[in-house]
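Student: My questions are about this predicted structure, shown below with the sequence.
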Amino acid sequence: MGLMSFTKDLDSMFTEYGKYHTHPINQLIHVICIPLILGSLVGLGRYFPLGQETDCICQAHCGLLFLVFCLFLYLKVDVFSGLVSALLYGGWYLAWNYIYLTHTATYGSIILYTQIICWSLQFFGHGFFENKRPALFDNIALTLAAPLFAVLEVLMLFGYKAYLHDLLKKKSN
């Protein structure tokens with residue numbers, strides 16, 4: 001599945017993603033770590049401002065461009081979960097800008113440790129609980145969609161797209 005098919009079929013994409021995440025602990029690791037990975041990746045963009053550097057929490061930077069690109073794709077896949085993602089990850093954008101303004105000296109270390117810890121947990125979850133390698137190595141589109149799917153997994157706990165949750169359970173058994 002290439003990047004162009006990214007926006008075509010939520011059901012098949014999420015089912016494919018679900019094949020890599022069948023164990024409940026690995027699913028929990030992903031729901032926690034994937035938003036942190038995306039958020040800190042967006043936060044890394046603060047080092048590359050667009051225009052004049054300011055002390056504004058809304059400073060535009062390269063991380064924002066990446067986030068807008070991701071959110072555009074998420075909205076094309078599913079409007080509601082895309083909007084929830086926009087709220088969550090938009091909040092991360094503001095939070096990382098705030099951390100940059102208030103902890104400039106340690107900002108890079110915070111991002112680095114967040115990435116190291118979260119990626120380590122991701123690989124541990126796949127190796128220990130799933131006994132298979134992550135989708136990262138097989139399908140880059142699924143990797144790009146993972147932050148949307150983390151949001152979607154939480155929404156499903158509240159009954160959103162219950163049919164998709166049931167379909168995923170059937171296919172994983």
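Tutor: Perfect, I can see it now. Numbering: from 1, shown residues only.

Student: From the centroid of the chain, which residue is nearest?
Tutor: The chain has residue 147 as the residue nearest its centroid, 2.1 Å off, counting by C-alpha atoms, centre = their mean.

Student: Now that one: which helix or strand?
Tutor: helix 140-157 (DSSP states H and E).

Student: Just the pLDDT for the residue nearest to the centre of the chain.
Tutor: Per-residue pLDDT puts residue 147 at 96.

Student: Check what pLDDT the residue of the chain most remote from its centre gets.
Tutor: Going by C-alpha atoms, centre = their mean, the residue of the chain most distant from its centre is residue 52, 28.4 Å out. Per-residue confidence (pLDDT) for residue 52: 92.

Student: now swap in residue 165 and tell me
Tutor: Residue 165 is given a pLDDT of 75.

Student: In which helix or strand does it reside?
Tutor: Per DSSP H and E, residue 165 falls inside helix 162-172.

Student: for that helix, which positions count as buried?
Tutor: Across helix 162-172, burial judged by 16 or more other C-beta atoms under 10 Å covers 164-165, 167-168. Just so you know, the C-beta spots here come from the backbone N, C-alpha and C atoms, and that holds for glycine as well.

Student: ok and that helix relative to helix 140-157, angle-wise?
Tutor: If you take axes from the mean of the first three to the mean of the last three C-alpha atoms, to 10 degrees, helix 162-172 sits at 120 degrees to helix 140-157.

Student: same for helix 162-172, what does it pack against?
Tutor: Judged by 3 or more C-beta pairs under 8 Å, 6 or more residues apart in numbering; DSSP states H and E, helix 162-172 is in contact with helix 10-19, helix 140-157.

Student: Return the most buried member of these.
Tutor: helix 140-157 (a mean of 20; mean count of other C-beta atoms under 10 Å).

Student: what residue ranges in the protein are flagged as low confidence?
Tutor: The chain contains residues with pLDDT under 70 at 1-8, 171-173.

Student: biggest helix in it by residues?
Tutor: For the chain, the helix that runs over the most residues, judged by DSSP state H, is helix 79-102.

Student: C-terminal to it, what's the next element?
Tutor: Past helix 79-102, the next helix or strand by DSSP H and E is helix 107-124.

Student: And the contacts of that next one?
Tutor: With C-beta atoms under 8 Å, 6 or more residues apart in numbering as the contact definition, helix 107-124 has outside contacts at 29-30, 32-34, 36-37, 39-41, 43-44, 46-47, 96, 99-100, 103, 134.

Student: Show me how far stretch 144-155 is from its chain's centre.
Tutor: Stretch 144-155 sits 7 Å away from the centroid of its parent chain (C-alpha atoms, centre = their mean, to the nearest Å).
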